[in-house]
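> Build me a model from this:
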Amino acid sequence: MRNTLLFAFAFLPLTLGADWLVRGAAGLAQRFGVSPLVVGLTVVAFGTSAPELVVSALASLDGQPDVAVGNIMGSTAANVGLIVGVGALIRPIEVHRRVIVRETPLVIIVLSLVMVLSLNDAVGRLDGLVLVSGWALYLFFLLKWERVGVFGKSDRAPKPDAPVPGVGTDPQETDIAEPGVWWSLVRIGLGLPCLTYGARWLLEGAEGIARSLAVPEAVIAATMIAVGTSLPELASTLVAAFRRMGDIAIGNVIGSNVFNLGLVLGTSALVRPLVLHPTIVVGYVLPALAFSVILIPLALHRGTVQRAEGGLLLLLYLAYIVMVWMFN
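Here you go, the predicted structure:
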């Protein structure tokens with residue numbers, strides 16, 4: 001009972017911590033003149049995937065590679081099967097072709113890196129560095145393509161830069177802007193420990209539940225923890241689907257998966273090398289990669305993920321959950 005309550009309660013500080021961290025970081029970035037584009041691609045992406053990053057890094061530090069990998073791969077599968085599936089069932093998700101053309105090649109590169117590294121049954125520190133570097137390269141090209149356009153032309157009409165509060169203004173305006181900086185720092189200061197303690201409690205509760213059910217901890221990580229840490233992505237994707245912002249919905253999922261497979265897995269390996277047993281590769285890595293790849297033709301087909309396709313994704317995800325429990 002204690003482990004179940006601890007596991008359930010842990011999602012509260014984990015979610016609040018991620019929210020406070022992203023709001024504080026975004027406030028600081030805007031205060032110092034960082035563009036909304038950069039904020040969205042870095043701060044917001046980090047905020048929605050911060051639970052996966054902290055949980056997996058701490059699991060790796062504690063010598064639980066199965067939990068770290070299970071959470072990463074389970075979250076990757078949940079992002080496509082559960083989140084896109086539910087979003088498309090609510091309302092068909094329209095996707096512009098340029099989103100797939102612009103981001104798909106980079107996604108395939110990262111997926112290929114993970115596949116090659118997993119064949120060695122281990123992800124070492126050097127491999128982790130390669131994954132983190134691959135994620136940084138993805139971000140670099142994404143920023144570049146967003147600024148100049150896929151085919152060398154700007155995707156958007158040029159707009160004048162928004163004034164930065166407190167910069168180039170009189171002292172009174174500067175004084176007014178300062179409390180925002182301090183409030184952002186307070187949010188960051190509260191968000192980090194909430195994330196850390198929430199992740200600790202989540203891991204402790206998951207370990208206890210796994211012992212009581214006599215199942216491997218990786219099963220809990222790939223299912224219960226993965227769904228819980230994917231709640232920020234679920235919320236943002238559902239809002240985007242309701243508002244007919246298909247590019248944001250699909251872009252959020254693609255970006256989150258690259259974040260998980262690149263930065264989260266890479267950081268976990270840098271903390272401590274991850275040993276991948278064959279059961280982990282077959283039971284978690286391959287399904288996660290399959291979910292990531294299957295999204296591409298669905299999004300390209302008629303430029304829309306229809307309700308029927310969303311239902312198919314959801315059924316595949318439910319089959320994946322059953323397979324994980326039966327396989328182990």
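> what's the offset of the helix or strand in which residue 298 is found from the middle of its chain?
Taking DSSP states H and E as the criterion, residue 298 maps to helix 286-300. Relative to its chain's centre, helix 286-300 lies at 16 Å (C-alpha atoms, centre = their mean, to the nearest Å).
> And that helix, what does it pack against?
Where contact means 3 or more C-beta pairs under 8 Å, 6 or more residues apart in numbering; DSSP states H and E, helix 286-300 is packed against helix 65-78, helix 97-118, helix 246-259, helix 307-327. All C-beta spots, glycine's among them, are computed from the backbone N, C-alpha and C.
> now do 6 Å
helix 65-78, helix 97-118 (3 or more C-beta pairs under 6 Å, 6 or more residues apart in numbering; DSSP states H and E).
> How many residues are close by the nearest residue to residue 20 once chain neighbours are set aside?
Leaving out its chain neighbours, the residue that sits closest to residue 20 by C-beta to C-beta, 6 or more residues apart in numbering is residue 191, at 3.5 Å. Residue 191 has 23 neighbours, counted by other C-beta atoms under 10 Å.
> again with the one 5 residues further on
The burial count assigned to residue 196 is 16, neighbours taken as other C-beta under 10 Å.
> angle of the helix or strand encompassing it against helix 307-327?
Secondary structure assignment for residue 196, by DSSP H and E: helix 171-213. Angle, helix 171-213 to helix 307-327, by axes from the mean of the first three to the mean of the last three C-alpha atoms, to 10 degrees: 50 degrees.
> Tell me the helix or strand right after the helix holding residue 298.
With DSSP H and E, the next secondary element past helix 286-300 is strand 304-305.
> Residue ranges in the stretch 101-250 of the chain under the pLDDT threshold?
The stretch 101-250 of the chain contains residues with pLDDT under 70 at 101-107, 145-179, 246-248.
> contacting residues for residue 307?
Taking C-beta atoms under 6 Å, 6 or more residues apart in numbering, we find residue 307 in contact with 88-89, 92.
> export those to TSV and tack on neighbour count, distance to residue 293 and pLDDT?
Output for the contacts of residue 307, formatted as TSV (neighbours: other C-beta atoms under 10 Å; distance: C-beta to C-beta, whole Å; pLDDT from 0 to 100):
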residue	neighbour count	distance to residue 293	pLDDT
88	26	17	89
89	19	21	90
92	19	21	86
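> which of those residues lies closest to residue 180?
residue 88 (38.2 Å; C-beta to C-beta).
> so which strand or helix has that closest one?
For residue 88, the element it lies in under DSSP H and E is helix 85-90.
> now residue 6: how far from residue 292?
32 Å (C-beta to C-beta, to the nearest Å).
> cool, residue 254 as well?
From residue 254 over to residue 292 the distance is 8 Å, taken as C-beta to C-beta.
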